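A.B. asks: A predicted structure for the sequence below; I have some questions about it.
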Amino acid sequence: MSSELVGRVIVPSADQLDAVTFNSDGLVPAIAQCSQTGQILMMAWMNAESLSMTFAEGRMVYWSRSRQELWRKGDTSGDRQFVREAFYDCDGDTLLFVVEQEGKGACHTGERSCFYRSFGDQ
């Protein structure tokens, strides 16, 4: 994939933003799904600031609970995620972003998806 990729800037309405339910820590889970294959790539957390930045930049920005800081996916690894579509579930407590994944993948282990391990015999 080219480094010339750009994400889609999204302008949500105030009602749509009000529908997002953050937990007691001010966070909401965000799932990243591959726009080309439909594969679930990862789940991470967002706060209101990272959500706003993601919409404004068209690039995925998360909140790192361990580092207690904003985390723009791919700034250090080069494995950036560019927004194509964004959804919120019926309860507003989970977000889904359809992204174009740049680089080797979404997982810090080097796997394409964080969901590469299965239970039982597959």
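C.D. replies: On my side now, so go ahead. The structure presented is a predicted model; accordingly, all values stated were derived computationally and were not measured.
A.B. asks: where does pLDDT dip in the protein?
C.D. replies: Along the chain, the model assigns pLDDT under 70 to residues 1-3.
A.B. asks: ranges for the strands of it?
C.D. replies: Using DSSP state E, the strands of the chain run over residues 28-34, 40-46, 61-64, 69-72, 81-88, 95-101.
A.B. asks: closest to the centroid, which residue in the protein?
C.D. replies: The centroid of the chain falls nearest to residue 32 when counting by Cα atoms, centre = their mean (4.4 Å).
A.B. asks: just list whatever residues bridge to that residue.
C.D. replies: residue 42, residue 97 (DSSP bridges).
A.B. asks: can you pull the contacts of it?
C.D. replies: For residue 32, the contact set (Cβ atoms under 8 Å, 6 or more residues apart in numbering) comprises 40, 41, 42, 43, 44, 60, 73, 81, 97, 99, 101, 106. All C-beta atoms are positioned from the backbone trio N, CA, C, and that covers glycine.
A.B. asks: residue contacts, the third one?
C.D. replies: Right, residue 42. With contact taken as Cβ under 8 Å, 6+ apart, residue 42 is in contact with 31, 32, 106, 107, 113, 114, 115.
A.B. asks: swap in 6 Å and give it another go.
C.D. replies: Counting by Cβ atoms under 6 Å, 6 or more residues apart in numbering, residue 42 touches 32, 106, 114.
A.B. asks: CSV please, covering those and showing distance to residue 54.
C.D. replies: Shown next, in CSV, are these (distance: Cβ to Cβ, whole Å):
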residue, distance to residue 54
32, 10
106, 15
114, 18
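A.B. asks: in the top helix by length along the chain, what's buried?
C.D. replies: For the chain, the helix that runs over the most residues, judged by DSSP state H, is helix 48-57. By 16 or more other Cβ atoms under 10 Å, the buried positions in helix 48-57 come out as 50, 51, 53, 54, 55.
A.B. asks: the spatially closest residue to residue 49 that is not a sequence neighbour - how many residues pack around it?
C.D. replies: Distance criterion Cβ to Cβ, 6 or more residues apart in numbering; nearest residue to residue 49, sequence neighbours excluded, is residue 70 at 6.7 Å. The local packing of residue 70 (other Cβ atoms under 10 Å) involves 15 other residues.
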